[in-house]
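>>> Just to be clear, the model below is a prediction. Sequence and coordinates:
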Amino acid sequence: MDIENKEEKVAEPAVNEAEKKGIKKYIPFVLEIVKIAIIAFIIVAPIRYFLFQPFIVSGASMAPNFATGDYLIVDEVSYRFSSPQRGDVVVFSTNFIPGYTHQRFIKRIIGLPGETVDIKNGSVQIIKDGKTTILDEKYLPRPGGSPLKTYGDKNITLNPDEYFVLGDNREYSYDSRMWGVVPKEDIIGKAFLRIFPITTLSGVPRPTY
């Protein structure tokens, strides 16, 4: 007796026409979102990588003016058209410092190319063209009302495209007093905006001396 082999067929669920129409209705919306995302990336990416960079402060070297966790926006454009100035708070690559490759520091520019920086008796002097100026650094912490002293005797004359930098927290800052000058090519940019904590939202002004 022959036995018939009958294949069982599973019925495919029918897709409701209304559901098809509903899916089609959302396709233009999804495509629009994708298009907006691509356009946003095209606009934002160059700004992020070539014009401005975020930087999160870590450490106490710039206290009390900048604290750990402060979220800064760094301007990478200005120094393409002008030179760094005294008082600028800059972020730079530390590849030139032995043992600190692939890191970034934040410090304040004190000495400019062609100047001699002379640190003695707790004060910072700038010598240029035979003229000596003792810097009045109003932004430094003033414990007991007296200006914070800058310790570590140092006398260095800067070559073209070299900058002398110090942290605002002079007692705890690892800066040009220890490892020397910052080459201009290693300066990433200057801090121009603090956006977090939100209570400290503000620009980063350049002080007058």
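Good, I have the coordinates. Numbers count the residues shown, from 1 in each chain.
>>> mind checking how far stretch 120-136 is from the chain centre?
With C-alpha atoms, centre = their mean, to the nearest Å as the basis, stretch 120-136 stands 29 Å off its chain's centre.
>>> can you list contacts of stretch 70-87?
Outside of stretch 70-87, the residues within contact range by C-beta atoms under 8 Å, 6 or more residues apart in numbering are 50-57, 66, 90-91, 106, 108-113, 126, 163, 184, 187-197, 200, 204, 206-209. Just so you know, the C-beta spots here come from the backbone N, C-alpha and C atoms, and that holds for glycine as well.
>>> Tell me what the closest residue to residue 89 other than its chain neighbours is bridged to.
Counting by C-beta to C-beta, 6 or more residues apart in numbering, the nearest residue to residue 89 once its immediate chain neighbours are dropped is residue 191, at 4.5 Å. Beta-bridge pairing of residue 191 under DSSP bridges involves residue 74.
>>> picking that back up, so which of the contacts of stretch 70-87 are in strands?
Counting by DSSP state E, the part of the contacts of stretch 70-87 found in strands is 52-56, 90-91, 106, 108-111, 126, 163, 187-196.
>>> tell me the SS of the closest residue to residue 178 other than its chain neighbours?
For residue 178, ignoring the flanking residues on the chain, the nearest one in space by C-beta to C-beta, 6+ apart is residue 152 at 7.8 Å. Under the three-state scheme (DSSP: H, G, I helix; E, B strand; the rest coil), residue 152 adopts coil.
>>> Surely residue 152 and residue 176 touch.
No. Using C-beta atoms under 8 Å, residue 152 is not in contact with residue 176, being 9.8 Å away.
>>> Between those two, tell me which one has more neighbours.
Each of residue 152 and residue 176 has its neighbours counted (other C-beta atoms under 10 Å); residue 176 has more, 25 against 14.
>>> excluding its backbone neighbours, what's nearest that one?
residue 164 (4.6 Å).
>>> go on, residue 156?
Residue 156 sits nearest to residue 117 (C-beta to C-beta, 6+ apart), 5.5 Å away.
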